[in-house]
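Novice: Predicted coordinates and the sequence they were generated for:
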Amino acid sequence: MKQSRPWQRRRERHKEENNKNHPQTIYKYQKRKYQKKKAEHQTRTANLSTMAASPKNNTKKQKARPQRSPFASLSLPFTIGIAIAAFLLFAQATSAVVIGVNTGTLTYTNVLRGGYAEAEAVISTDSPTPVPIVLEPYGDIKDWIRYEIDEEPTTSSNKPLKVRIIVEPPLDTPNGEYTGNVRILTGELFTVTNRQGTMGSQVKAALSIRIKVTVTGTQITACQAAGFKILTAEEDSPLNILFQITNKGNVRIQPKLSITALDQFREKTLGTYTLNTPEELLPTTTRRFQETIPHSLPPGQYWAEIDVPLCGDSGIVTFDVVERGGVADQGVLERIDAQSWANTGDIIPITAVFRNVGERVVTAKFKGAILNEDGDIVKVIDTDLYSVPPGQVATIETFFNPQVGGQYIVRGHVLYNNKLSYEREFILNVNGAPLAT
């Protein structure tokens with residue numbers, strides 16, 4: 001085989017060095033590198049074998065290895081999986097309880113300096129188990145704000161929590177508008193722990209109510225009286241009267257009630273009574289009272305006209321006085337039904353819907369009148385008697401045949417077991433020319 005000349009070998013070697021990206025050149029370099037590392041490894045292995053066989057090295061104290069974490073032997077994907085699972089568990093626990101409130105803003109208008117105002121917020125949750133609730137006022141007027149809860153401060157899915165949020169501006173507060181906030185917090189919902197103790201912080205749900213207050217120096221007296229009712233009383237026992245007062249002003253009030261007792265047909269005055277509310281009402285508050293008044297009325301049905309002059313409200317109620325151990329019949333004329341529009345000559349059915357809410361059967365009939373636009377009676381209503389069992393509804397029917405067009409008022413009550421129901425009325429419109437008689 002013909003050998004190459006030295007200068008040819010040098011040229012090829014030079015060309016090889018300048019062309020390092022050539023596949024053959026890369027292969028040669030990698031092969032040399034591998035052979036070099038292999039030789040170094042063999043030398044290092046031989047040295048270690050010699051040291052292990054030496055008695056001097058057997059007595060040498062070995063260096064203590066550092067303690068490894070129990071997670072060090074886990075693979076990276078497995079470790080990431082554990083972290084994701086822990087995060088999902090944490091997220092699920094923190095989102096398991098949701099709380100809400102019925103309003104995002106509470107507005108207090110015309111609050112007197114040094115005065116008082118309250119409003120109610122209802123806090124709810126989807127949790128079937130009780131969730132503890134804490135309120136924290138914050139903002140510029142946090143010192144004005146406090147709250148009251150009449151029950152245990154917890155809420156659940158079947159028991160919302162009612163909270164009265166109260167605002168009391170100081171006496172030296174300038175007139176104007178002010179804002180603050182009340183933060184609603186739950187108790188601890190979730191805590192992440194490990195074998196050594198607690199990791200992280202307690203998890204709580206929170207939301208906020210905005211408070212808007214308008215402060216004034218002008219005193220306002222206003223109230224509303226409603227819910228009048230007198231309970232059935234036994235002979236020689238006091239009458240129990242129920243009523244509700246709402247203070248709509250910004251000063252304390254203590255209204256008086258004037259009560260006038262009337263006979264069954266409201267034709268004769270039997271007595272007049274004056275009743276004071278037992279306590280002052282703070283501004284924006286509503287209170288329901290039950291007070292007693294003495295009387296000397298014999299058994300029977302009576303009516304009472306109740307007037308509250310300070311509020312400008314009044315009402316009329318019926319009540320019974322019964323013998324000791326007696327039972328009072330109770331019935332309600334719910335409404336009067338008829339067609340709203342008709343023509344002259346039509347036969348119009350008129351129905352009184354009566355409900356027996358007492359404890360025994362009653363006999364009832366519809367009594368009243370139909371009046372024209374001038375207030376003249378054009379027909380007297382007095383139906384047959386109907387027997388109505390307890391808890392049942394009776395439709396007591398009569399008829400009207402108008403001869404003249406115009407607007408009519410159907411007005412009446414139900415007489416049952418010698419008692420009268422509250423009076424009702426209905427407006428009836430009739431078209432057409434007058435009919436010849």
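Specialist: Arrived safely.
Novice: Please parse the protein into its domains.
Specialist: 99-216, 223-322, 331-431 (automatic domain parsing).
Novice: Distance from the chain centre to the last one, please.
Specialist: Centroid displacement of domain 331-431 relative to its chain, using C-alpha atoms, centre = their mean, to the nearest Å, is 41 Å.
Novice: model confidence over it, on average?
Specialist: Mean pLDDT, domain 331-431: 94.
Novice: okay, how far is it across that domain, tip to tip?
Specialist: 35 Å (C-alpha to C-alpha, to the nearest Å).
Novice: thought residue 140 was touching residue 181?
Specialist: No: Residue 140 lies out of contact with residue 181 (C-beta atoms under 8 Å); the separation is 9.5 Å. (Glycine included, C-beta is placed from N, CA and C.)
Novice: between these two, which one's more packed in?
Specialist: The neighbour count for residue 140 versus residue 181, taken as other C-beta atoms under 10 Å, is higher for residue 181 (17 against 10).
Novice: list the buried ones in the host helix or strand of that one?
Specialist: Taking DSSP states H and E as the definition, one finds residue 181 inside strand 176-186. Residues 178, 180-182, 184, 186 are the ones in strand 176-186 that count as buried (16 or more other C-beta atoms under 10 Å).
Novice: quick one: contacts of it?
Specialist: The contact list for strand 176-186 (C-beta atoms under 8 Å, 6 or more residues apart in numbering) reads 97, 99, 101, 123, 125, 131-142, 144-145, 147, 165, 169, 204-215.
Novice: Taking the residues you listed, please make a ChimeraX selection of just the buried ones.
Specialist: To isolate the buried subset of those in ChimeraX, counting by 16+ other C-beta under 10 Å, use the following:
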select :97,99,101,123,125,131,133,135,137,139,141,144,145,147,165,169,204,205,209,211,213,215
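Novice: In strands, which of the contacts of strand 176-186 fall?
Specialist: Filtering the contacts of strand 176-186 for membership in strands, criterion DSSP state E, returns 99, 101, 123, 125, 131-138, 145, 147, 165, 206-215.
Novice: Make JSON lines out of the domains of the chain and add distance to residue 37.
Specialist: Listed next are these as JSON lines, based on distance: least, C-beta to C-beta, whole Å:
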{"stretch": "domain 99-216", "distance to residue 37": "45"}
{"stretch": "domain 223-322", "distance to residue 37": "89"}
{"stretch": "domain 331-431", "distance to residue 37": "103"}
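Novice: Select, out of those domains, the one closest to residue 32.
Specialist: domain 99-216 (53.3 Å; C-beta to C-beta).
Novice: Now find how far off-centre the closest one is within its chain.
Specialist: Here domain 99-216 is found 14 Å from its chain centre; the criterion is C-alpha atoms, centre = their mean.
Novice: Show the end-to-end separation of that domain, please.
Specialist: Distance across domain 99-216, first residue to last, is 35 Å (C-alpha to C-alpha).
Novice: what is the mean pLDDT for that domain?
Specialist: 86.
Novice: go on, stretch 313-320?
Specialist: 94.
Novice: picking up where we left off before, among the domains of the chain, which is nearest residue 44?
Specialist: Between residue 44 and those, the tightest spacing by C-beta to C-beta is seen for domain 99-216, at 42.3 Å.
Novice: that older thread, taking strand 131-138 as reference, get the angle to the strand holding residue 181.
Specialist: 150 degrees (axes from the mean of the first three to the mean of the last three C-alpha atoms, to 10 degrees).
Novice: partners of strand 176-186 in the sheet?
Specialist: Sheet pairing of strand 176-186 (DSSP bridges) gives strand 131-138 (antiparallel), strand 206-216 (antiparallel).
Novice: Of all these, which one is nearest residue 322?
Specialist: Using C-beta to C-beta, those put strand 131-138 closest to residue 322, at 47.5 Å.
Novice: what's next to that closest one, contact-wise?
Specialist: With C-beta under 8 Å, 6+ apart, strand 131-138 has contacts from 97, 99, 123, 125, 143, 145-147, 153-156, 161, 163, 165, 180-187, 189, 211.
Novice: swap in stretch 289-302?
Specialist: With C-beta under 8 Å, 6+ apart, stretch 289-302 has contacts from 233, 235-236, 238-245, 259, 261-264, 270-271, 273, 275, 277-278, 318-323, 326, 418-420.
Novice: Stretch 210-217 now?
Specialist: Under C-beta under 8 Å, 6+ apart, the answer for stretch 210-217 is 104-113, 117, 137, 139, 141, 144-145, 165, 167, 169, 173-182, 250.
Novice: Show me the beta-bridge partners of residue 154.
Specialist: Under the criterion DSSP bridges, residue 154 forms beta bridges with residue 132.
Novice: Now for it: which residues touch it?
Specialist: 130-133, 161.
Novice: Mind putting those into JSON lines with distance to residue 305?
Specialist: Rendered in JSON lines, the data for the contacts of residue 154 read as follows (distance: C-beta to C-beta, whole Å):
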{"residue": "130", "distance to residue 305": "48"}
{"residue": "131", "distance to residue 305": "49"}
{"residue": "132", "distance to residue 305": "50"}
{"residue": "133", "distance to residue 305": "46"}
{"residue": "161", "distance to residue 305": "41"}
